[in-house]
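got a structure for you, letters missing:
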C-alpha cells in the first residue's frame, strides 16, 4: 500500500506554474502538419484541465482558511463547514480533471474527514472514510506522527470497535491513541 504524507507543503502555485510552463514548452513540439483539429483539441483539453484544477485549488484554499479560522475561534461548526466545502470542491471537479493531481486531492479529502471528526460528526467522517477507501483503493496517508490515516480514522469513527489485541498491535496507530485504547479496554473489563 502506497503511503503519502497527509499535510501538503503548499507547492500549489509552483506546481501550477511548472505545469503551465511544461505545457507551453510542449506546444512548440507539436508538428504543424497534424491532420484535422487534433492539436487544437489536445490544447483545449489541457486548458480545461488546468482551469478545473485552478478552480479546485482555490476552493480547497477557501476550505483551509475556514478550518484555520475555526481552530483560532474554537468553533466546531467551522470545521464542519470546511469539510463540506472540500466535499463540494471534489464534487465540482469536472470529468476533464478527474485523473489530475490524485495525491493532492487525496490529501484534501482526508483533511475534510479529519475536519468532520473535529466537528463531532463521526457518522459523516465514517461515511467519507469509506468513500476515500473506495476512491483511493490501495493508498493510505501518513499523519504527522507517522501513523496510518486509514487505521487511525477507522478507530476514531468506530469502524474498528472490537479490535483483538493482535490486530491492534499490527495497526499503524500513534502511541497516544494506542495507549488510550488499551486504557479504555482495561477499564471496560476491570
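The structure has been received and is ready for your questions. Note that the structure is a prediction, hence the values are computed from the model and not measured.

Give me the nearest residue to residue 59, chain neighbours excluded.
Distances taken as CB to CB, 6 or more residues apart in numbering place residue 89 nearest to residue 59, at 3.8 Å, with adjacent residues excluded. For every residue, glycine as well, the C-beta is placed using N, CA and C.

Distance-wise, check that neighbour relative to residue 108.
According to CB to CB, to the nearest Å, residue 89 and residue 108 sit 7 Å apart.

which neighbours do these two share?
Residues touching both residue 89 and residue 108 (CB atoms under 8 Å, 6 or more residues apart in numbering): 60, 63.

show me the contacts for residue 115.
By CB under 8 Å, 6+ apart, the neighbours of residue 115 are 67, 79-80, 82-83, 86.

one step back: which is the next helix or strand following the helix or strand where the residue nearest to residue 59 lies?
According to DSSP states H and E, residue 89 maps onto helix 76-92. Counting by DSSP H and E, the next helix or strand C-terminal to helix 76-92 is helix 102-119.

In that next one, which residues are buried?
By neighbour count on 16 or more other CB atoms under 10 Å, the buried set for helix 102-119 is 104-119.

same deal with stretch 84-102?
Applying 16+ other CB under 10 Å to stretch 84-102 flags 84-87, 89-90, 93, 96-97, 101 as buried.

Can you give the contact residues for that stretch?
With contacts defined as CB under 8 Å, 6+ apart, stretch 84-102 is touched by 15, 45, 48-49, 52-53, 55-56, 59-60, 62-63, 66, 105, 108-109, 111-112, 115, 128, 136.

among the residues you listed, which ones are buried?
Taking 16+ other CB under 10 Å as the criterion, what is buried in the contacts of stretch 84-102 is 49, 52-53, 56, 59-60, 63, 66, 105, 108-109, 111-112, 115, 128, 136.

now for the helix or strand containing residue 46, which elements pack on it?
Residue 46 is part of helix 38-73 when elements are defined by DSSP H and E. With contacts defined as 3 or more CB pairs under 8 Å, 6 or more residues apart in numbering; DSSP states H and E, helix 38-73 has these neighbours: helix 12-27, helix 76-92, helix 102-119.
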